[in-house]
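# The amino acid sequence is not available; the structure is as follows:
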């Protein structure tokens, strides 16, 4: 989970969409000024939705449910963006202004979905899984993996956009969003109640995380082996 969360964050396109937003919007035939303004709008949408996540992340939904809902919404948004570009843009051509702004709206919806669902909780999950003794090492590895995949995806984004075109959104980004959702459903317990019921009731982690000191010691020992 420590490695999977930053990996999925980058391969679902969240960072490259913000980095290459002006290029993307120029590709769908928005003017230069409109492209830059659109990038500002998506950034503001992401900031507002992240603030909303801060207010609701500890409510009744929990981390796991938020990840699943956000992953499904991100998948739908990417498929819709790719579908609009496939039917209206094709491999060679342009979008009308209404369709271009529709793509912009769907990108903003995608950014907001990531901001309220998968953004802030991805920092909480590693800190709630790992014991206090190795939490700093775990978070350091998480940040290192995050930057590694930012570099890899950012370096390959323009090439993928040229070769896959509209397929980039529902074949690559949308596909990874679907895989992420399935992985969360199968592998991630509710970490806000990790030792009380999240880890103990999960098919994978119940043999590792116990409700007593012995289970906690075993979890700590295994975490040491994984990290070091």
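Structure's in. What do you need? Quick caveat, the model's predicted, so the values are computed rather than measured.
# Distance check, residue 159 against residue 17.
Distance, residue 159 to residue 17, using C-beta to C-beta, to the nearest Å: 16 Å. (C-beta placed from N, C-alpha, C; glycine too.)
# what sits against the nearest residue to residue 14 once chain neighbours are set aside?
With sequence-adjacent residues excluded and distances taken as C-beta to C-beta, 6 or more residues apart in numbering, residue 14 is closest to residue 114, at 4.9 Å. By C-beta atoms under 8 Å, 6 or more residues apart in numbering, residue 114 lies in contact with 9, 12, 14, 46, 49, 70, 74.
# was I right about the second one contacting residue 177?
When you say that, I think you mean residue 12. Yes: with contacts counted by C-beta atoms under 8 Å, residue 12 reaches residue 177, the gap being 4.7 Å.
# ok so, going back, can you give me the distance of the residue nearest to residue 14 to residue 104?
Taking C-beta to C-beta, one finds residue 114 at 16 Å from residue 104.
# Residue 201: what secondary structure?
Following DSSP: H, G, I helix; E, B strand; the rest coil, residue 201 is assigned to coil.
# since we're on the closest residue to it other than its chain neighbours, how many residues are nearby?
What sits nearest to residue 201 in space, not counting adjacent residues and going by C-beta to C-beta, 6+ apart, is residue 189, at 7.1 Å. Neighbours of residue 189 under the rule other C-beta atoms under 10 Å: 24.
# Residue 124 now?
15.
# which residues touch it?
Here residue 124 is in contact with 57, 63, 191, 192 (C-beta under 8 Å, 6+ apart).
# hmm, back to that, the contacts of residue 114 into JSON lines, with extra columns for secondary structure?
What follows is the contacts of residue 114, written out as JSON lines (three-state DSSP):
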{"residue": "9", "secondary structure": "helix"}
{"residue": "12", "secondary structure": "coil"}
{"residue": "14", "secondary structure": "helix"}
{"residue": "46", "secondary structure": "helix"}
{"residue": "49", "secondary structure": "helix"}
{"residue": "70", "secondary structure": "helix"}
{"residue": "74", "secondary structure": "helix"}
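# Give me the buried subset of the residues you listed.
9, 12, 14, 46, 49, 70, 74 (16 or more other C-beta atoms under 10 Å).
# Help me confirm that the third one comes into contact with residue 111.
Pointing back at residue 14 there. Yes: the pair residue 14 and residue 111 passes the contact test of C-beta under 8 Å, sitting 7.5 Å apart.
# Next, the residue nearest to residue 201: secondary structure please.
Per three-state DSSP, residue 189 ends up coil.
# measure it to residue 64 for me?
7 Å.
# can you check residue 3 too?
18 Å.
# which of the two has more neighbours?
The residue with more neighbours, out of residue 3 and residue 64, is residue 64; 19 against 16, by other C-beta under 10 Å.
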